[in-house]
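Visitor: Provided below for reference: sequence and predicted model.
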Amino acid sequence: GAAGGSTSLGANSNLERCDSPLGTISLTEDVSSTWYGEYRQTKLPSTIQLMRIFIQQSNCFVVVERSARGMNAMNRERELQNSGEMRSGSNFGKGQMVSSDFALTPEVTFADRNTDGAGAVASVLGEVLSHGKLGKEIGRSRTAVSVANRGLNELADSTATEASVLLMLVDNRSGVQLAAAEGTATKVDFGGPLFRTVGGLTGMSSYTKTPAGKVVVAAFMDAFNNMVVTLRDYK
């Protein structure tokens, strides 16, 4: 699978598409949040990598690079230009970068074997960690911590067969939240072009090799489709 400009190859037929891009978009994860720490224990790649695929293949937005690694690469080229090492005409001067009209923030709200599992686990653990009362809570609620630890171990073992995710879209100029969409997936059909496309990308094969990865892919596709449907007629 691939995507370049408005051309897409091997995209899943269920992915919503746009006739033309609605604008430019950057992606960001709240790496300091509780959900991010729990999610990375699954050893799945960043959700941003996954959303890049959907966005490019949908032709609904043009992705602009804002990751630390990407910005470092662009700044390195500009440093070479300023040092005089670039050949004449390279044109890495000011005024070349494109602004980001929108910011998209993905979030995994839970992933577990059933809705009674990690949803409760995430709630309990989030409450404990967010208030900085871990020591007190361990003493007062050993059962809750035990449940949380057991749920996290299951998540880390990539045994999840259900996932719920959230996407939030903000206008970078006004700061207004334009859209929010939830996506879910439960015991989905794990075959088809979607997973062949994702699995063919460098570093993304873990999304196709574990139950947790597969339901996260399907849940984000569900959320993205929901968001696109609500935005296509937005003025």
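Guide: On my side now, so go ahead.
Visitor: Would you map the strands across this structure?
Guide: Secondary structure of the chain (DSSP state E): strands located at 2-4, 7-9, 24-27, 62-63, 102-112, 162-171, 177-186.
Visitor: CA atoms only: put the last one into PDB for me.
Guide: Right, strand 177-186. What follows is strand 177-186, C-alpha atoms only, in PDB (Å, rounded to 0.1, in the frame of the first residue of the first chain):
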ATOM      1  CA  GLN A 177     -12.100  22.500  18.600                       C
ATOM      2  CA  LEU A 178     -13.800  21.800  15.300                       C
ATOM      3  CA  ALA A 179     -14.500  18.100  15.700                       C
ATOM      4  CA  ALA A 180     -14.200  15.100  18.100                       C
ATOM      5  CA  ALA A 181     -14.800  11.500  17.100                       C
ATOM      6  CA  GLU A 182     -14.800   8.200  19.000                       C
ATOM      7  CA  GLY A 183     -14.000   4.900  17.400                       C
ATOM      8  CA  THR A 184     -14.400   1.400  18.600                       C
ATOM      9  CA  ALA A 185     -13.600  -2.100  17.400                       C
ATOM     10  CA  THR A 186     -14.500  -5.500  18.900                       C
END
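Visitor: Pull out the buried positions in it.
Guide: Under the neighbour-count criterion of 16 or more other CB atoms under 10 Å, strand 177-186 has 179, 181, 183-185 buried. (Each C-beta comes from the backbone N, C-alpha and C, glycine too.)
Visitor: for that strand, packing partners?
Guide: strand 162-171, helix 211-231 (3 or more CB pairs under 8 Å, 6 or more residues apart in numbering; DSSP states H and E).
Visitor: what lines up beside that strand in the sheet?
Guide: strand 162-171 (antiparallel) (DSSP bridges).
Visitor: Let me have the helices and strands packed on strand 177-186 in JSON lines, adding mean pLDDT and distance to Asn75 as columns.
Guide: Listed next are the helices and strands packed on strand 177-186 as JSON lines, based on pLDDT from 0 to 100; distance: least, CB to CB, whole Å:
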{"stretch": "strand 162-171", "mean pLDDT": "93", "distance to Asn75": "25"}
{"stretch": "helix 211-231", "mean pLDDT": "90", "distance to Asn75": "30"}
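Visitor: returning to that earlier point: most widely separated two among the buried residues of strand 177-186?
Guide: Greatest spacing in the buried residues of strand 177-186, by CB to CB: Ala179 and Ala185 (19.8 Å).
Visitor: quick one on the thing from earlier: which one of the buried residues of strand 177-186 sits closest to Ala163?
Guide: Of the buried residues of strand 177-186, the one sitting nearest to Ala163 (CB to CB) turns out to be Ala185, at 5.4 Å.
Visitor: For the closest one, which residues are in contact?
Guide: 162-163, 215-219, 222 (CB atoms under 8 Å, 6 or more residues apart in numbering).
Visitor: hmm, back to that, could the helices and strands packed on strand 177-186 be laid out in JSON lines, adding distance to Ser13?
Guide: Below are the helices and strands packed on strand 177-186 laid out as JSON lines (distance: least, CB to CB, whole Å):
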{"stretch": "strand 162-171", "distance to Ser13": "21"}
{"stretch": "helix 211-231", "distance to Ser13": "11"}
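Visitor: Out of these, flag the one nearest Gln56.
Guide: The nearest among the helices and strands packed on strand 177-186, by CB to CB, is helix 211-231 at 11.6 Å.
Visitor: That closest one vs strand 177-186, what angle?
Guide: For helix 211-231 against strand 177-186, the angle between stretch directions is 140 degrees (axes from the mean of the first three to the mean of the last three CA atoms, to 10 degrees).
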